[in-house]
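Participant: show me how the following folds:
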Amino acid sequence: MATEKDQQMDAEAEGLSAATLLPKLIPSGAGREWLERRRATIRPWGTFVDQRRFSRPRNLGELCQRLVRNVEYYQSNYVFVFLGLIVYCVVTSPMLLVALAVFFGACYILYLRTLQSKFVLFGREVTPVHQYALAGAVSFPFFWLAGAGSAVFWVLGATLVVIGSHAAFHQIEPLEGEELQMEPV
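Facilitator: All right, here's what the predicted structure looks like:
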């Protein structure tokens, strides 16, 4: 028990823990702040997937109310479900992995080249925006062959089905300060 704790402390000292590694991968700025806000407002996964909390809505009004309230309440969880579906789609498509490797490899090569000197093409300096557009143009045939368009629509469709069904069938969590109301008979 003590050795596990020592190993965890050593890993954290080296900067290898999950809590410290992810923020290091994302540069500071708006993206990092957004991710930190999402992580801070994530609801417990146990209540998110609790099967006892699922039931069929009685009518269309309750369905709409569940959709709105659950999307608002579990917004951060749904973002991570979406990201998980993206990772699943990329990992299960080898050609898409190759296309992404070509794109990020081209971006990295351009980045290294700009560190050495300005990138000049046909006697004109190429701005970073145009450089990344060039990397996208070089990668486009690979994305086309990999079926990236269908992958995007698969991820969007799967996300709508998973999140929509969860939001529709998961019972509404009571809000703080909300009192029980009697239904008219």
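Participant: the helices in the chain, which residues?
Facilitator: Assigned by DSSP state H, the helices in the chain fall at 2-14, 18-25, 30-40, 45-48, 60-73, 75-91, 94-116, 128-146, 148-169.
Participant: out of the ones you listed, flag the one nearest F54.
Facilitator: helix 148-169 (4.8 Å; Cβ to Cβ). Backbone N, C-alpha and C define where each C-beta goes, glycine included.
Participant: could you export the closest one as PDB, CA atoms only?
Facilitator: Only the C-alpha atoms of helix 148-169 are listed here, as PDB (Å, rounded to 0.1, in the frame of the first residue of the first chain):
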ATOM      1  CA  ALA A 148     -13.100  11.500 -43.400                       C
ATOM      2  CA  GLY A 149     -16.400  13.000 -44.500                       C
ATOM      3  CA  SER A 150     -18.400   9.900 -43.600                       C
ATOM      4  CA  ALA A 151     -16.500   9.600 -40.300                       C
ATOM      5  CA  VAL A 152     -17.600  13.100 -39.400                       C
ATOM      6  CA  PHE A 153     -21.200  12.400 -40.100                       C
ATOM      7  CA  TRP A 154     -21.000   9.000 -38.300                       C
ATOM      8  CA  VAL A 155     -19.600  10.800 -35.200                       C
ATOM      9  CA  LEU A 156     -22.300  13.500 -35.400                       C
ATOM     10  CA  GLY A 157     -25.100  10.900 -35.900                       C
ATOM     11  CA  ALA A 158     -23.800   8.600 -33.200                       C
ATOM     12  CA  THR A 159     -23.500  11.500 -30.800                       C
ATOM     13  CA  LEU A 160     -27.100  12.700 -31.500                       C
ATOM     14  CA  VAL A 161     -28.400   9.100 -31.000                       C
ATOM     15  CA  VAL A 162     -26.500   8.400 -27.800                       C
ATOM     16  CA  ILE A 163     -26.900  11.900 -26.200                       C
ATOM     17  CA  GLY A 164     -30.500  12.200 -27.400                       C
ATOM     18  CA  SER A 165     -31.600   8.900 -26.100                       C
ATOM     19  CA  HIS A 166     -29.800   9.400 -22.700                       C
ATOM     20  CA  ALA A 167     -31.400  12.900 -22.300                       C
ATOM     21  CA  ALA A 168     -34.800  11.600 -23.300                       C
ATOM     22  CA  PHE A 169     -34.900   8.500 -21.000                       C
END
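Participant: how far does that helix sit from the chain's center?
Facilitator: Remark: helix 148-169 is offset 13 Å from the chain centroid, using Cα atoms, centre = their mean, to the nearest Å.
Participant: in JSON lines: the helices of the chain, plus mean neighbour count, distance to F54 and mean pLDDT.
Facilitator: As requested, the helices of the chain are arranged in JSON lines below (neighbours: other Cβ atoms under 10 Å; distance: least, Cβ to Cβ, whole Å; pLDDT from 0 to 100):
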{"stretch": "helix 2-14", "mean neighbour count": "10", "distance to F54": "36", "mean pLDDT": "45"}
{"stretch": "helix 18-25", "mean neighbour count": "10", "distance to F54": "29", "mean pLDDT": "48"}
{"stretch": "helix 30-40", "mean neighbour count": "12", "distance to F54": "24", "mean pLDDT": "76"}
{"stretch": "helix 45-48", "mean neighbour count": "12", "distance to F54": "11", "mean pLDDT": "87"}
{"stretch": "helix 60-73", "mean neighbour count": "14", "distance to F54": "11", "mean pLDDT": "91"}
{"stretch": "helix 75-91", "mean neighbour count": "16", "distance to F54": "15", "mean pLDDT": "91"}
{"stretch": "helix 94-116", "mean neighbour count": "14", "distance to F54": "33", "mean pLDDT": "86"}
{"stretch": "helix 128-146", "mean neighbour count": "15", "distance to F54": "36", "mean pLDDT": "86"}
{"stretch": "helix 148-169", "mean neighbour count": "15", "distance to F54": "5", "mean pLDDT": "93"}
